[in-house]
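>>> heads up, no residue letters with this:
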């Protein structure tokens, strides 16, 4: 894969997820704002373009050590993977993290008032994400599976109960943008999840869980925004009504 200053960030990560580590290093959003060129991202983040390209070429040229090639997945299989891996992760982690946050706010909130805002943002995210996942599981993903089935059988494009599929996908991407912004704020409030000197073990565990949650969310959104959604739209648009 040849990377230059006009390469699209999301497509680079879709081709090789190892590139994500470089973008994270320079705080470049590759999931929610992946539809930008290297040139645009370098200028906005005040990064030397050549340095960024060289680092990306170095990491993507390393031998593959078993990374999954999600771009090669059939769309129905990718939908299944996202639902069973990332959706279930969110569903399991929200009830785990919430009481930890409540506890450290009660114990450390006076000395670290930023924790009140972290708790508020996470609870907002928990509610919105839960609703978002159900929209995908009940409406969008079943439709994608129907489209794949119709393509295999040579049938016509199925009717989408949620209306125009591209417009519905755009709404899902809007939800992703909101979550991306929330967790950027949480990361800033917690000094990139670094515990303060007076942090107890619960405080440290909570920050670690939040960081893990954000990292999983980045990969989750990347799989949808940069692979599943554009490929699904392309397939739907090429099918006969």
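On my side now, so go ahead. Not measured: the values here are computed from a predicted model. Numbering: from 1, shown residues only.
>>> how many other residues sit next to residue 29?
20 (other CB atoms under 10 Å). In short, each C-beta sits where N, CA and C put it, glycine included.
>>> meant to ask about residue 111
9.
>>> cool, and the one 10 residues further on?
With neighbours defined by other CB under 10 Å, the count for residue 121 comes to 16.
>>> What of the one 5 residues further on?
By other CB under 10 Å, 17 other residues sit near residue 126.
>>> if I read this right, it contacts residue 101, doesn't it?
No: counting by CB atoms under 8 Å, residue 126 stays clear of residue 101, with 10.0 Å between them.
>>> And the longest helix that the chain contains, what's buried?
In the chain, with assignment by DSSP state H, the single longest helix is helix 165-189. Buried positions in helix 165-189, judged by neighbour count with 16 or more other CB atoms under 10 Å: 165, 168-169, 172, 175-176, 179-180, 182-183, 186-187, 189.
>>> Which pLDDT value goes with residue 65?
pLDDT recorded at residue 65 is 50.
>>> let me redo that: residue 26
92.
>>> which residues touch the nearest residue to it once chain neighbours are set aside?
Of all residues not flanking residue 26 in the chain, residue 47 sits nearest, at 5.3 Å (CB to CB, 6 or more residues apart in numbering). Neighbouring residues of residue 47 by CB atoms under 8 Å, 6 or more residues apart in numbering: 26, 28, 41.
>>> Kindly report the same for residue 73.
Neighbouring residues of residue 73 by CB under 8 Å, 6+ apart: 81, 227.
>>> Doesn't residue 47 belong to a strand?
No: read with DSSP: H, G, I helix; E, B strand; the rest coil, residue 47 is coil and lies in no strand.
>>> what's it sitting at in phi/psi?
Per-residue torsions, residue 47: phi -120, psi 140 (degrees, to the nearest 10).
>>> Can you lay out the buried residues of helix 165-189 as a markdown table showing distance to residue 10 and pLDDT?
Output for the buried residues of helix 165-189, formatted as a markdown table (distance: CB to CB, whole Å; pLDDT from 0 to 100):
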| residue | distance to residue 10 | pLDDT |
| --- | --- | --- |
| 165 | 19 | 92 |
| 168 | 20 | 96 |
| 169 | 14 | 96 |
| 172 | 15 | 97 |
| 175 | 17 | 97 |
| 176 | 12 | 96 |
| 179 | 16 | 96 |
| 180 | 13 | 94 |
| 182 | 20 | 97 |
| 183 | 18 | 96 |
| 186 | 23 | 98 |
| 187 | 20 | 96 |
| 189 | 27 | 97 |
